[in-house]
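In: with the sequence up front, the predicted model follows.
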Amino acid sequence: MTTSIDPYILTDTHTHIYYHAGTPKLDEQLQRCFDKNIQRLFLPNVDTESVSFVMDAVRTYPANCFPMLGLHPCSVKENYKEELEQLERLLSEYRVYAIGEIGLDLYWDKSTLDFQRDAFRIQVAWAKAMGLPIDIHCRDAFNELFELLEELKDDKLFGIFHCFTGTLEQAKHAIDLGFTLGIGGVVTFKKAGLDAVVKEIDLQHIVLETDAPYLAPSPYRGKENESSYLYYVAQKVADLHQIDIREVAQITTNNSKKIFGI
């Protein structure tokens with residue numbers, strides 16, 4: 001019998017909470033996470049400079065914060081090969097649980113697409129060699145990204161489509177390629193249409209995330225996001241599937257354990 005005091009654990013599979021590393025705000029936000037049963041947080045850096053902030057947060061909360069490492073597509077500039085060389089060296093210094101976030105972003109700058117593709121291929125090769133998942137960022141680039149994934153697919157390619165906001169057809173394509181969908185605050189937006197997609201997807205193919213401090217869910221839309229707001233994402237997914245939030249927590253946290261290996 002389920003009671004109101006049954007424990008459950010929620011996992012935020014993608015948060016930039018490390019932006020607050022070394023400040024009281026990190027402690028305050030994590031305490032609010034713990035108050036909402038959010039015990040596991042996965043932290044993607046975005047470039048070489050942000051690695052130290054990620055690792056500071058991980059050192060402060062080693063039982064709750066787990067690092068990823070990669071070069072965000074918006075950080076892919078003409079010097080991307082130098083950045084990748086530095087990141088590859090850091091991979092030998094730190095234990096990480098995914099390569100990410102990596103991918104394609106054509107929203108801000110289409111001129112770097114070839115650089116982004118090359119950086120993605122290089123980092124996917126790292127992940128395969130290390131047996132790690134990849135954490136994919138995709139914005140205005142589904143067709144280009146799917147083309148790359150079809151080229152690179154094999155039994156070593158897996159991971160998460162972070163902040164998935166695509167159609168049902170795109171969701172099924174991602175799943176067919178061996179990926180899990182990272183569902184965040186957008187699922188709570190009334191006109192986004194993601195709720196209709198998530199309703200049709202088996203929870204075995206879903207993990208939860210915030211992408212904090214971005215994309216805060218309702219009722220905080222438009223404000224700074226934080227990982228404790230994952231509760232509202234989980235509750236929305238529970239409502240869509242007409243189940244208890246505890247079941248959503250159990251399934252999605254188990255999914256995250258399978259992906260990250262912890």
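Out: Looks like it came in fine.

In: find the nearest non-adjacent residue to residue 184, please.
Out: Sequence neighbours aside, residue 209 is the residue nearest to residue 184 in space, at 4.7 Å (criterion: C-beta to C-beta, 6 or more residues apart in numbering). In short, each C-beta sits where N, CA and C put it, glycine included.

In: wait, residue 18 sits on residue 57?
Out: Yes. With contact defined as C-beta atoms under 8 Å, residue 18 reaches residue 57; the gap is 4.0 Å.

In: with adjacent residues omitted, what lies nearest to the residue positioned nearest the centre of the chain?
Out: Geometric centre of the chain, nearest residue: residue 14, 3.4 Å, by C-alpha atoms, centre = their mean. Leaving aside its sequence neighbours, residue 14 sits nearest to residue 209 (C-beta to C-beta, 6+ apart; 3.8 Å).

In: wait, what's in contact with that neighbour?
Out: Contacts of residue 209 were listed using C-beta atoms under 8 Å, 6 or more residues apart in numbering, and they are 12, 13, 14, 15, 162, 163, 182, 183, 184, 230, 233.

In: in strands, which of the residues you listed appear?
Out: When these are checked against strands (DSSP state E), the matches are 12, 182, 183.

In: quick check on the residues you listed: which are buried?
Out: Among the ones in strands among the contacts of residue 209, those classed as buried by 16 or more other C-beta atoms under 10 Å are 12, 182, 183.

In: nearest to residue 257 among those?
Out: Residue 257 has its nearest neighbour among these in residue 12, at 13.7 Å by C-beta to C-beta.

In: pretty sure that closest one contacts residue 39?
Out: No. Contact criterion C-beta under 8 Å: residue 12 and residue 39 do not qualify, at 9.4 Å.

In: intersection of neighbour lists for those two?
Out: Joint contacts of residue 12 and residue 39 (C-beta under 8 Å, 6+ apart) are residue 33.

In: any idea how far stretch 192-208 is from the chain center?
Out: 15 Å (C-alpha atoms, centre = their mean, to the nearest Å).

In: first-to-last residue distance for that stretch?
Out: Chord length of stretch 192-208, first to last residue, is 17 Å (C-alpha to C-alpha, to the nearest Å).

In: just give me the longest helix of this protein.
Out: As assigned by DSSP state H, the longest helix anywhere in the chain is helix 113-130.

In: tell me the strands beside the following helix or strand past that one, with direction?
Out: Using DSSP states H and E, the helix or strand that follows helix 113-130 in sequence is strand 134-139. When sheet partners are counted by DSSP bridges, strand 134-139 sits next to strand 99-105 (parallel), strand 159-161 (parallel).

In: so what's the gap between the shortest one and the chain middle?
Out: Same thing as strand 159-161. Strand 159-161 sits 7 Å away from the centroid of its parent chain (C-alpha atoms, centre = their mean).

In: and the helix or strand that that strand is followed by, what's buried?
Out: Note on strand 159-161: by DSSP H and E, the next helix or strand toward the C-terminus is helix 168-176. Across helix 168-176, burial judged by 16+ other C-beta under 10 Å covers 170, 171, 173, 174, 175.

In: right, and the pair among those residues with maximum separation?
Out: Distances among these were taken as C-beta to C-beta; the most separated pair is 170 and 175, at 9.7 Å.

In: so which elements touch the helix or strand where residue 198 lies?
Out: Per DSSP H and E: residue 198 is located in helix 194-200. Helices and strands touching helix 194-200, by 3 or more C-beta pairs under 8 Å, 6 or more residues apart in numbering; DSSP states H and E, are helix 168-176, strand 179-183, helix 230-241.
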